[in-house]
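Novice: Sharing a model that was predicted from the sequence below.
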Amino acid sequence: MSMAPANDVMISVENLSKTYNLEKQEVKALCGVSFTIARNEFVAIMGPSGSGKSTLMNLIGCLDTPTEGTYVLNGKLVSAMSEDELAHIRNKEIGFIFQIFNLLPRATAFRNVELPMIYAGFRKKEREEKTRRALEMVEMKGRMQHKPAELSGGERQRVAIARALVNEPSLLLADEPTGNLDSKTGQEILKLFHKIHSKGNTIIIVTHDRDVAAQTQRIIHLRDGEIEREERKGA
């Protein structure tokens, strides 16, 4: 288990387990997983299909609750929270990036990025400033008024990343973010992740792609719901 000083810890997971009851049968998706992730760490979670990585991502992203164990995010005991409290954490603390870009087809890039702030109750002027800043950060300044169908796959993913960044979350959680892109575009998106990381963001990428994982600082390997091993860059 990786340790970091308490004030530098973004995520602390201890003995985290998740069991699903499916047709009178218990399926253990995650079995007593423990680790910490420091602020501004860039981590990959890897594992074969059925290893528990999607379950772990859902727990870290506050999309699901554990059966056992504790999860502390930014000093808050997330594993004991209600649905409403989890929704608040998702909106304020976590930026999600998915393999499928989940953009509204009839809305411009600008509008797609602005929407989370409308739901969060930001004033119009602040929304517009933050949206512009986020799109500039991902090098989409000249494509703000384009709709998803007018953008390439890489550009769509950049818009999705801007949307994840716009609320200035403490954690970016990316699920196979290059999975629908060709290798050249995938490399461009990974360069963008490095740029975001250099500005102080904590990033977790869930991936089955060894080349993607190799670009992070640490890889957590899952197998059969348990941590099989960890790798650190240069170790």
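Specialist: Perfect, I can see it now. Everything quoted here is computed from the prediction, not taken from an experiment.

Novice: Please make it C-alpha for all contacts and neighbour counts, starting now.
Specialist: OK.

Novice: partners of the helix or strand that contains Cys31, with directions?
Specialist: Per DSSP states H and E: Cys31 is located in strand 25-38. Next to strand 25-38 in the sheet, as set by DSSP bridges, lie strand 9-22 (antiparallel).

Novice: mean confidence for the strand it pairs with?
Specialist: In this model, strand 9-22 carries a mean pLDDT of 93.

Novice: Please give me every residue in contact with the residue nearest to Tyr20 when sequence neighbours are not counted.
Specialist: Closest residue to Tyr20 apart from its sequence neighbours, by Cα to Cα, 6 or more residues apart in numbering: Val27 at 5.1 Å. Contacts for Val27 (Cα atoms under 8 Å, 6 or more residues apart in numbering) come out as Thr19, Tyr20, Asn21.

Novice: Pull up the pairing partners for the helix or strand that comes right after the strand holding Cys31, direction included.
Specialist: Sequence-wise, the next helix or strand downstream of strand 25-38 (DSSP H and E) is strand 42-46. Strand 42-46 has the following strand partners under DSSP bridges: strand 202-206 (parallel), strand 218-223 (parallel).

Novice: Which one of those strands lies nearest to Ala164?
Specialist: Proximity to Ala164 (Cα to Cα) singles out strand 202-206 among the strands paired with strand 42-46, at 11.5 Å.

Novice: So what touches the closest one?
Specialist: 10, 38-46, 53-54, 57, 170-177, 197, 213.

Novice: again, only using 6 Å
Specialist: 39-45, 171-176 (Cα atoms under 6 Å, 6 or more residues apart in numbering).

Novice: Which of those residues are buried? Put it as a PyMOL command.
Specialist: Here is the PyMOL command that selects the buried residues among those (16 or more other Cα atoms under 10 Å):
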select buried, resi 39+40+41+42+43+44+45+171+172+173+174+175+176
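
Novice: give me the number of residues near the closest residue to Arg218 other than its chain neighbours?
Specialist: Of all residues not flanking Arg218 in the chain, Arg232 sits nearest, at 4.4 Å (Cα to Cα, 6+ apart). Neighbours of Arg232 under the rule other Cα atoms under 10 Å: 12.

Novice: So, low pLDDT: which residues of the protein?
Specialist: Within the chain, the segments meeting pLDDT under 70 span 1-7, 234-235.

Novice: all strands for it, in order.
Specialist: All strands of the chain, identified by DSSP state E, fall at 9-22, 25-38, 42-46, 68-73, 76-77, 94-97, 171-175, 202-206, 218-223, 226-232.

Novice: Check the protein for its longest helix and report it.
Specialist: Counting residues, the longest helix found in the chain (DSSP state H) is helix 183-198.

Novice: neighbouring contacts of it?
Specialist: Residues contacting helix 183-198 (Cα under 6 Å, 6+ apart): Gly154, Thr178.

Novice: for that helix, the distance to its chain's centre please.
Specialist: 14 Å (Cα atoms, centre = their mean, to the nearest Å).

Novice: just stretch 200-207 next, same as before
Specialist: For stretch 200-207, the distance to the chain centre is 6 Å (Cα atoms, centre = their mean).

Novice: Just the buried positions in that stretch, please.
Specialist: Those buried within stretch 200-207 under the rule 16+ other Cα under 10 Å are Asn201, Thr202, Ile203, Ile204, Ile205, Val206, Thr207.

Novice: Contacts only, for the first one.
Specialist: Asn201 makes contacts with Asn40, as judged by Cα under 6 Å, 6+ apart.

Novice: For it, what are phi and psi?
Specialist: Main-chain torsions, Asn201, degrees, to the nearest 10: phi -80, psi 150.
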